[in-house]
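A.B. asks: missing the sequence, but the structure's below:
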């Protein structure tokens, strides 16, 4: 049985949330450029930054977890089938 690092799993969870919030703010019903400078626009700007940061951190953590696993050609074939 593998030991999973709960701190990395929690970080991955928050990164997924940031990415979801980013997609909601980017593809939602509000165009950020139509909103005047206000608390709402500043919050949307931070959500956009958090989504980009969350995406990068999520990819790095996924690569870290995959680097510790053994390469198996069957996984690639299963993925494409």
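C.D. replies: Looks like it came in fine. Small disclaimer: the values here were computed from a predicted structure and weren't measured. Numbering: from 1, shown residues only.
A.B. asks: just the pLDDT for residue 56.
C.D. replies: On pLDDT, residue 56 comes in at 91.
A.B. asks: ok, then the element right after the one helix or strand it maps to?
C.D. replies: Assigned by DSSP states H and E, residue 56 falls within helix 39-67. Going down the chain from helix 39-67, the next helix or strand is helix 73-80, by DSSP H and E.
A.B. asks: buried ones in that following helix, by neighbour count?
C.D. replies: Buried residues in helix 73-80, counted by 16 or more other Cβ atoms under 10 Å: none are found. For glycine as for every other residue, the C-beta is placed from the backbone atoms N, C-alpha and C.
A.B. asks: then stretch 13-31?
C.D. replies: 15, 18, 19, 21, 22, 25.
A.B. asks: got JSON lines for those residues, with secondary structure too?
C.D. replies: Formatted as JSON lines, the buried residues of stretch 13-31 follow (DSSP: H, G, I helix; E, B strand; the rest coil):
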{"residue": "15", "secondary structure": "helix"}
{"residue": "18", "secondary structure": "helix"}
{"residue": "19", "secondary structure": "helix"}
{"residue": "21", "secondary structure": "helix"}
{"residue": "22", "secondary structure": "helix"}
{"residue": "25", "secondary structure": "helix"}
